[in-house]
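**Q** all I have is the shape, not the residue letters:
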């Protein structure tokens, strides 16, 4: 399967086994939540390992009195951007990896049923550039989009456009699973500024825009709203 060079499909054996478990209709909501978190944790480690750079920080002291040089990461201006609602299931994993707390900015996008095109209904990105240095008041140097599924790619594409217009310099997209055509569409939106990391890629979509075989509707499985 040919994919753009800025799309990275993890080959981690534990991640692939967890994705297989997530596909099963017998996997209940509590385990779905755990699996989404675990997959995000592994993907996040792989993606951030290449996107962040360790740098020396100030001196500190160990509990038994030895001085050492601390380590921090660059870029410092980071943010996590979950796509509501299923992206919320991946936020905690990325917060766990990062050495310091970072702002979380929510984007609400849904697919219009007849056209399958994205419609934005919520955006809490700071709309005004601040003269202060308070975290979260400026566009991030690196934004981490989390959304478990990339289907048609329209939602991911729209999120990338929004963040680029906000002034983000680089974007990482973390997704549990993607459709081949959809991830290509998203990756081509801003190829020089976006890296996409996924646990798996499915070749097909159903006529109503669901991945085949896929993992079902992750939002419904996380929040027990199947059949709503």
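**A** Received the coordinates, thanks. Bear in mind that the values here come from a model prediction, so they are computed numbers and not experimental data.
**Q** got the buried residues for stretch 151-159?
**A** 151, 152, 153, 154, 155, 156, 157, 158, 159 (16 or more other C-beta atoms under 10 Å). C-beta: built from backbone N, CA, C; applies to glycine.
**Q** same check on stretch 30-50?
**A** 32-33, 35-44, 46-48.
**Q** start to end distance for stretch 164-175?
**A** 19 Å (C-alpha to C-alpha, to the nearest Å).
**Q** what's next to that stretch, contact-wise?
**A** When contacts are defined by C-beta atoms under 8 Å, 6 or more residues apart in numbering, stretch 164-175 is touched by residues 40, 43-44, 47-48, 51, 75, 90, 94, 125, 129, 138-150, 156, 160, 163, 183, 186, 190, 193-199.
**Q** please, a PyMOL command that selects the buried ones among the residues you listed?
**A** A single PyMOL command selects the buried members of the contacts of stretch 164-175 (16+ other C-beta under 10 Å):
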select buried, resi 40+43+44+47+48+51+90+94+125+138+139+140+142+143+144+145+146+147+148+149+150+156+160+163+183+186+190+194+195+196+197+198+199
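**Q** take the contacts of stretch 164-175 and keep only those in helices.
**A** 40, 43-44, 47-48, 51, 90, 94, 156, 160, 163, 183, 186 (DSSP state H).
**Q** residue 112: which of those is nearest?
**A** residue 156 (15.6 Å; C-beta to C-beta).
**Q** can you tell me which residue sits nearest the middle of this protein?
**A** Nearest residue to the geometric centre of the chain (C-alpha atoms, centre = their mean): residue 146, 2.1 Å.
**Q** give me the nearest residue to that residue, chain neighbours excluded.
**A** residue 90 (3.8 Å; C-beta to C-beta, 6 or more residues apart in numbering).
**Q** residue contacts, the one you found?
**A** Applying C-beta under 8 Å, 6+ apart, the residues near residue 90 are 36, 37, 40, 82, 146, 147, 148, 174, 176.
**Q** where's the nearest residue to residue 226 once chain neighbours are set aside, which helix or strand?
**A** Distances taken as C-beta to C-beta, 6+ apart place residue 220 nearest to residue 226, at 4.4 Å, with adjacent residues excluded. Per DSSP states H and E: residue 220 is located in helix 218-223.
**Q** what packs against that helix?
**A** helix 29-51, helix 88-97 (3 or more C-beta pairs under 8 Å, 6 or more residues apart in numbering; DSSP states H and E).
**Q** give me the mean pLDDT for it.
**A** The pLDDT scores in helix 218-223 average 92.
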